[in-house]
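*Asks:* Build me a model:
(4 chains)
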Number of protein chains: 4
Amino acid sequence: MKKALIVGATGFGGLGLIEILLRHKGFEITQLVARKDVGQKISQVFPHLEGFCDMMVQSPEDINLDNVDIAFFSTPDKAGMQMIHTFYNNNIPVIDFSGDFRFTTVDDYTIYAQNKGMNIEHAAADVLSHTVYGLPEKYAEKIKKAKIVGNPGCFAIAMILGLLPAVEEGIIESDTIICDGKTGVSGAGKNPGEANFYPQRYEDVNTYREGHHQHVVEVENILNAHSKNKKNILFIPQIVPLNRGILVTMYADVKASIDNNKIFDLYTSYYHNKPFIHITRRSCHTTDVRGTNRCQIRPSVDTRTGKLFITSVIDNLIKGQSGNAVQNANLMMGFDETEGLMIPAFYP
Amino acid sequence: MKKALIVGATGFGGLGLIEILLRHKGFEITQLVARKDVGQKISQVFPHLEGFCDMMVQSPEDINLDNVDIAFFSTPDKAGMQMIHTFYNNNIPVIDFSGDFRFTTVDDYTIYAQNKGMNIEHAAADVLSHTVYGLPEKYAEKIKKAKIVGNPGCFAIAMILGLLPAVEEGIIESDTIICDGKTGVSGAGKNPGEANFYPQRYEDVNTYREGHHQHVVEVENILNAHSKNKKNILFIPQIVPLNRGILVTMYADVKASIDNNKIFDLYTSYYHNKPFIHITRRSCHTTDVRGTNRCQIRPSVDTRTGKLFITSVIDNLIKGQSGNAVQNANLMMGFDETEGLMIPAFYP
Amino acid sequence: MKKALIVGATGFGGLGLIEILLRHKGFEITQLVARKDVGQKISQVFPHLEGFCDMMVQSPEDINLDNVDIAFFSTPDKAGMQMIHTFYNNNIPVIDFSGDFRFTTVDDYTIYAQNKGMNIEHAAADVLSHTVYGLPEKYAEKIKKAKIVGNPGCFAIAMILGLLPAVEEGIIESDTIICDGKTGVSGAGKNPGEANFYPQRYEDVNTYREGHHQHVVEVENILNAHSKNKKNILFIPQIVPLNRGILVTMYADVKASIDNNKIFDLYTSYYHNKPFIHITRRSCHTTDVRGTNRCQIRPSVDTRTGKLFITSVIDNLIKGQSGNAVQNANLMMGFDETEGLMIPAFYP
Amino acid sequence: MKKALIVGATGFGGLGLIEILLRHKGFEITQLVARKDVGQKISQVFPHLEGFCDMMVQSPEDINLDNVDIAFFSTPDKAGMQMIHTFYNNNIPVIDFSGDFRFTTVDDYTIYAQNKGMNIEHAAADVLSHTVYGLPEKYAEKIKKAKIVGNPGCFAIAMILGLLPAVEEGIIESDTIICDGKTGVSGAGKNPGEANFYPQRYEDVNTYREGHHQHVVEVENILNAHSKNKKNILFIPQIVPLNRGILVTMYADVKASIDNNKIFDLYTSYYHNKPFIHITRRSCHTTDVRGTNRCQIRPSVDTRTGKLFITSVIDNLIKGQSGNAVQNANLMMGFDETEGLMIPAFYP
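*Replies:* Take a look at the predicted model:
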């Protein structure tokens, strides 16, 4: 059994890890760490865990490095960069959930930080060149050997998986790809506030950070690393009164030679043998993937207008966060990529 | 007081009319007609109306034409066309909520009917050329004199109002305009079924009729009637777990000379003196217009990609249906355009 | 036009008052006051008010007493008691939404304060004996002459209206009446926090403050003021994933001579001429009263067990708060009791 | 591996069985049978099952008895009684989800059928005396040997588990126990209609079948089988806008010698070694048990009124249906009682 440390255990990311690792045959959780709720049992923070996981939440000061094969930093921006050197120098692999290690250059990080309105200083710039972007469908070999993995943003992974085959094949003719994203409320994490206040949210749909959401940088980075021509993403995120789930609709001009069958074949073949990618011809529903690590993608060409139209759905807390992290961890620790992750959606 | 007949009184459209006309100073409801629930009080069908409106629901056979100044057909497709000649020949103005009279030619109706998978035969083709499209912000003068008004589709009115200034000004350079639409569940009317079954719907977002929603025809018709170059609409409708509300995000290429201020000024000036159009620079929320006849529009140009990006929000049951119908009726009967319709949103 | 001051304008109570007074023929709002958002337009706080009410939010220090015929304190506990002497001494009538003035003795207030876990000190104990409990269905004559009205708690008014006829008639035989209350989330006011965090709340029902909710004191006070034998209330409040609405089910032993028809007649006759009380034989739905000042009550006797069973539903923000306050204000200012308040429910 | 047949595979009960048996080490599903959707893959009916279970739905005529170790009838009332003799005569144990086999006498069944407004004729009255009520916490030994198990009603199991210790111990002094039940919408099964139409349901709480819900019979039966004095249940069911979850609050007079600690000890000791019963001192939340086979019970005595007050929460689709059925099946087939059922709640 590999020993897993979870830092940031009391948020939704930490909770997701706990739930997956509880049913995982290769991992045991050895420490739960957080800044809040230190000294409480995790099952006092999340009562539904009572009897399943009653470990104590410990302070970051009490991390015992001798007892860690892999560390998950399910922490907000800026937290991981404060801790990373200790782990890196001790050769303990880390998967970080924030934007701290999603970029290999300070320049890219700077744009990300500006979009989030944060201080742009990176406290561990020296390790950035050693990080790997945690997209197992594309970078499995690098991830297997990585010491620092930046787990993708939830919207980002839905867009990248939805666009990569078309971009890499070079069939998109427009410079700009339009991404219209809808997310459930849990995407903002376990941070009660006005934006996720039940009376405000239960009957509201709204746009936000139009054109400058922080995930745009990583999407453009990854797509352009595999594209002959530079692509821009115009991304309009929207919050819908859903708890879990992301649905992104994507639009671009496509080569005239591409029709519905060709695009379906292209995607099917590109994701051949990728256990969590599910290419479909049906309309996508977020309920098809709720609670799973699956990304369902519907590639199509609209016959009237000749436009490429792709839909991608994920569970923002699983494939968009903890599930994808465990998929990365499976690769890093030599487990089967799907271990702990093959369960059908929670429905209804 | 003008005498109003409501046919189709037991659906959401009929209910909306009842609620608005109850507070309207110029109309009295003289008859409520429906196929179902005949012989019951409307307050048995909708218990919240008890004490406010307890009129009996009557059968279509019992319509008393002598007692009607204006008729609202809040009926499904094909119902209005069966009744229209009686009203037309008796010179009683009609506002119809279905697609029956939204088109002036049989050809356009045919596309509409095909998109909905219906029989394409129109039973009153002879009156089509006398119909007026019920868009009061554009056709107020025609509506004032109209005998048959086709009240727009809910998604259609959100898109048309959002695009008309840009299309008419000729600043859109692309042939195709992308419209990504999100609607609440009540848009499908009071028709319980699998698609609006609570356990299926409460945590689901999905696309449907991708590229071939029936409202596309009327949007293209109206836009192209005021455009120098033909525009196509690629419309992807989506259902979100909201009861009321439509939010449409629209994308197109725009002339390089247009920036955020210019587009804001263009829209503000175009809708000058239109009491229900609300141009804003803020992010749009469906809660800003819930329960109102307002259409809130945010026109903008994304600086990174140079794309035109417009958001439009309405309440699908009010500006998208009964409120807009009363606005038309106000024009037709010589009342102030806003009578009965100036109330703030229902919040929270 | 009577001049109304609203203190606490930026909460749900203040918002409710604004919306009702906007359509009221006898009141004009002269000042909006709050601690937060001072210097902003109220329509920046509540964007849906834009164009309907764009008054500036002012600080409590800027209250202009010369311009006030009546003051609404839509403020939390302890706020009103700090301000009351100024108004009382200037002979300006006040309606307070908190528990500050719901009791005529310090002893009763103390129990209330203890149940809420607050400091029990009352800063204006001298005026308590001059307060009137704002239950217009029972105390209309006193309210007409009152200078300080304590507007009832939302759960309290639903319980009192549901029980008063039976208690006053002396048909309840048990000492304890069981009240099982279900409330929507907006009952906690506009205070984002863990308890009304969308992801926690959207699929949760829970009990809280079992047996010691702060509204119990006022319910027992009012009932026992009109009962021959002392009655206790065992009240179990519950939060349900609803925005607005309270439904309380109430149980007690009843005299053997009382059957379904007798109890229905008793309630109908007791509330004869009370415009907002609606006695019914149907199952109660919160949707029947949403957005209205109506209290719907279903009194019944269960034939198998012989128990009295009463259901009461209200909109917690209207009859449970701002609507009832305006009903009181109508009485105090000499307007028709229903002015501004007769609208059907917002449905669907 | 034991071979499981699921009849009624396309409803929520069938779906729950499929999901649990997919992760069960002792069962394999050999046939899925239903009246609707015959000839389709189950993953066409429930797209989220794609890749997990793609078996064909077969007609009841195609049941192959040679391939069945145990049969689950997840069917509506009256369906199981038509099929039971075939299975009974072939010695194949059956677990039925309807009311068909929850009673050992025709008299009891008759009351049940009347409460549901059904024909009271029982087509297999001869086997009723051989049935066992599927309450594993009480009847494990009988269930192990049973050939026909009537799986309890969802509300019934929440009430019985909540009341049995107190009733059996004889500490309840009142004849009537009040049960105030709140259920999510999925309790009505996968039957779209007006009562679970999203626009009607999303903001509604209502009572229904007040005092005569069909589950009352089985609750009284089981309780009275273990009580010295006959107890009546006054049960008021309510629907809340929740998908999954039941919370029942129960009230009765209790012996004066019983306090909070004694009742807690009584329940803890009564359910000692029952893996799915979770006695707590905290307020109960339906989210604590969502997706699990757990029943959480909070027994307490209200100190002010001296009343017994018990809360019980379950997931109506798991402990209230398919999970409890698998628990029974585990006993019947000799597996560990918890096999396939020990997962934490799905949260958030």
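*Asks:* quick one: is stretch A:306-317 near chain C?
*Replies:* No - shown here: stretch A:306-317 not in contact with chain C (C-beta under 8 Å from any C-beta of the partner chain), separated by at least 9.4 Å. (C-beta placed from N, C-alpha, C; glycine too.)
*Asks:* domains for chain A, by residue range?
*Replies:* A:2-152+A:319-333, A:155-316 (automatic domain parsing).
*Asks:* Let me have the ones you listed in JSON lines, extended by mean pLDDT, mean neighbour count and distance to chain D.
*Replies:* Formatted as JSON lines, those follow (pLDDT from 0 to 100; neighbours: other C-beta atoms under 10 Å in any protein chain shown; distance: least, C-beta to the nearest C-beta, whole Å):
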{"stretch": "domain A:2-152+A:319-333", "mean pLDDT": "97", "mean neighbour count": "20", "distance to chain D": "3"}
{"stretch": "domain A:155-316", "mean pLDDT": "97", "mean neighbour count": "21", "distance to chain D": "5"}
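*Asks:* among the ones you listed, which is nearest B:Lys190?
*Replies:* Among those, domain A:155-316 comes nearest to B:Lys190, with 18.1 Å by C-beta to C-beta.
*Asks:* just to revisit the earlier point, can you say which of the domains of chain A is nearest to B:Asp265?
*Replies:* Of all these, domain A:155-316 comes closest under C-beta to C-beta, at 19.2 Å.
*Asks:* Would you work out how far apart the start and end of the closest one are?
*Replies:* Start to finish, the residues bounding domain A:155-316 are 8 Å apart (C-alpha to C-alpha, to the nearest Å).
*Asks:* In space, what's closest to A:Arg290 - neighbours in sequence excluded?
*Replies:* Distances taken as C-beta to C-beta, 6 or more residues apart in numbering or on different chains put A:Ala345 closest to A:Arg290, at 4.8 Å, once the chain neighbours are dropped.
*Asks:* The one you found is in contact with A:Gln296, isn't it?
*Replies:* No - at 10.0 Å, A:Ala345 does not count as touching A:Gln296 under the criterion of C-beta atoms under 8 Å.
*Asks:* what touches both of the two?
*Replies:* Both A:Ala345 and A:Gln296 are contacted by A:Asp288, A:Val289, under the criterion C-beta atoms under 8 Å, 6 or more residues apart in numbering or on different chains.
*Asks:* Got phi/psi on A:Leu65?
*Replies:* The phi and psi values for A:Leu65, taken as degrees, to the nearest 10, are phi -70, psi -20.
*Asks:* Contacts only, for it.
*Replies:* Neighbour list for A:Leu65: A:Thr86, A:Phe87, A:Asn90, A:Ile92 [criterion: C-beta under 8 Å, 6+ apart].
*Asks:* Just give the nearest non-adjacent residue to the second one, would you?
*Replies:* This points to A:Phe87. A:Val94 (5.0 Å).
*Asks:* now the helices for chain A?
*Replies:* Remark: helices assigned in chain A by DSSP state H are A:12-22, A:42-45, A:79-89, A:106-115, A:136-145, A:154-169, A:198-201, A:216-225, A:260-270, A:323-333.
*Asks:* Now do the first one: which elements does it pack against?
*Replies:* It refers to helix A:12-22. Using 3 or more C-beta pairs under 8 Å, 6 or more residues apart in numbering or on different chains; DSSP states H and E, the elements in contact with helix A:12-22 are strand A:2-7, strand A:27-33, strand A:70-73, helix A:323-333.
*Asks:* List every C-alpha atom in it, with coordinates, as PDB.
*Replies:* Written as PDB, here are the backbone C-alpha positions of helix A:12-22 (Å, rounded to 0.1, in the frame of the first residue of the first chain):
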ATOM      1  CA  PHE A  12     -14.200  19.500  -1.700                       C
ATOM      2  CA  GLY A  13     -11.000  18.400  -3.300                       C
ATOM      3  CA  GLY A  14      -9.800  16.800  -0.100                       C
ATOM      4  CA  LEU A  15     -13.100  15.100   0.400                       C
ATOM      5  CA  GLY A  16     -13.100  13.800  -3.100                       C
ATOM      6  CA  LEU A  17      -9.700  12.300  -2.600                       C
ATOM      7  CA  ILE A  18     -10.800  10.700   0.700                       C
ATOM      8  CA  GLU A  19     -13.800   9.100  -0.900                       C
ATOM      9  CA  ILE A  20     -11.900   7.700  -3.900                       C
ATOM     10  CA  LEU A  21      -8.900   6.500  -1.800                       C
ATOM     11  CA  LEU A  22     -11.200   4.700   0.600                       C
END
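*Asks:* And the contacts of that helix?
*Replies:* A:4, A:6-9, A:27-29, A:32, A:34, A:42, A:46, A:49, A:52-53, A:72, A:74, A:97, A:186, A:189-190, A:317-318, A:321-323, A:325-326, A:340-341, C:199, D:344, D:347-348.
*Asks:* make it 7 Å
*Replies:* Under the criterion C-beta atoms under 7 Å, 6 or more residues apart in numbering or on different chains, residues A:4, A:6, A:8-9, A:27, A:29, A:42, A:46, A:49, A:52-53, A:72, A:74, A:97, A:186, A:189-190, A:317-318, A:321-323, A:325-326, A:340-341, D:344, D:348 lie in contact with helix A:12-22.
*Asks:* Quick check, A:Pro299 in contact with A:Asp265.
*Replies:* No - A:Pro299 lies out of contact with A:Asp265 (C-beta atoms under 7 Å); the separation is 9.5 Å.
*Asks:* these two touch, right, the residue nearest to A:Phe87 and A:Ala71?
*Replies:* Yes - using C-beta under 7 Å as the test, A:Val94 is close enough to A:Ala71 to be in contact (4.9 Å).
*Asks:* which neighbours do the two share?
*Replies:* A:Phe87.
*Asks:* Near chain C, which residues of chain A are found?
*Replies:* When proximity is defined as C-beta under 7 Å from any C-beta of the partner chain, chain A approaches chain C at A:Val185, A:Ser186, A:Pro192, A:Gly193, A:Glu194, A:Asn196, A:Phe197, A:Tyr198, A:Pro199, A:Arg201, A:Tyr202, A:Asn243.
*Asks:* Closest one to chain B out of the residues you listed, please.
*Replies:* Among these, A:Pro199 lies closest to chain B (C-beta to the nearest C-beta), at 3.9 Å.
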